[in-house]
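Enquirer: Predicted model and sequence follow; I will ask about them next.
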Amino acid sequence: MKIVKYFYGKSTFIQNVNIEVDEHGQPICGCYTPISKKPLPRVTICGIYDSETNKLTVGVAKCCPNDLFIKKVGRELALKRAETNPVCTITILPGEVISHVFFDVARTLEKRYSSLKTTSF
C-alpha cells in the first residue's frame, strides 16, 4: 500500500527598508519606511511511502517568486517528480514514525529550495 503526504513551504518575503536614525546615528526603534518587498519561492513537497518496500520517495515542485502559488499545480508536479525522478529515497527503519521522517526531510528541502540570492534585486 502507498501513502501520499504533502508539505507546503511557507509564504515569506524579503523586504528592504530605510531605517530612521537619531542624531548619533543609532536606529530609532520602530521607525522605518518600506522600500521594496520581494517574495521568496514557495515549494510543495510530496512524499510517497511504500509499505511493501519501507521506502519513502520525495519529489519537489518550486514556484517562481513572480508566479501565483497554486497548491493543486504544486501537488501534481511534486507527485509526478516523486514517482518518476525523486530528489531522495529514504528507507524507513523499524520503529521510525513515517510522518516525522517526512516532515524532517521536507523542512530541510524547503530551506534548500526556497533560498534566493539577495543580490538578485
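Expert: Good, I have the coordinates. Residues are numbered from 1 along each chain as shown.
Enquirer: shaky segments in the chain?
Expert: 13-14, 30-37, 39, 115-121 (pLDDT under 70).
Enquirer: Looks like I28 contacts N18 (just checking).
Expert: No - using Cβ atoms under 8 Å, I28 makes no contact with N18, being 11.5 Å away. Every residue, glycine included, has its C-beta placed from N, CA and C.
Enquirer: Which element, helix or strand, includes the nearest residue to T57 once chain neighbours are set aside?
Expert: The spatial neighbour of T57 that comes closest, neighbours along the chain excluded (Cβ to Cβ, 6 or more residues apart in numbering), is P86 at 4.1 Å. Using DSSP states H and E, P86 falls within no helix or strand.
Enquirer: ok, now the one 3 residues further on?
Expert: Element membership for T89 (DSSP H and E) is strand 88-91.
Enquirer: can you give me the helices in the protein?
Expert: With helices called from DSSP state H, the chain shows them at 71-84, 98-114.
Enquirer: Can you work out which other helices and strands pack against the shortest one?
Expert: Contacts defined by 3 or more Cβ pairs under 8 Å, 6 or more residues apart in numbering; DSSP states H and E place helix 71-84 against strand 2-8, strand 42-50, strand 55-63.
Enquirer: Next: the longest one.
Expert: In terms of contacts (3+ Cβ pairs under 8 Å, 6+ apart), helix 98-114 is packed against strand 2-8, strand 42-50, strand 55-63, strand 88-91.
Enquirer: sorry, back to before: mean neighbour count and distance to V58 added to the helices of the chain, as a markdown table?
Expert: A markdown table is the format used below for the helices of the chain (neighbours: other Cβ atoms under 10 Å; distance: least, Cβ to Cβ, whole Å):
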| stretch | mean neighbour count | distance to V58 |
| --- | --- | --- |
| helix 71-84 | 16 | 6 |
| helix 98-114 | 16 | 6 |
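Enquirer: any idea which of the helices and strands packed on helix 71-84 is most buried?
Expert: strand 42-50 (a mean of 23; mean count of other Cβ atoms under 10 Å).
Enquirer: If you count contacts, what does it end up packed against?
Expert: By 3+ Cβ pairs under 8 Å, 6+ apart, strand 42-50 packs against strand 2-8, strand 55-63, helix 71-84, helix 98-114.
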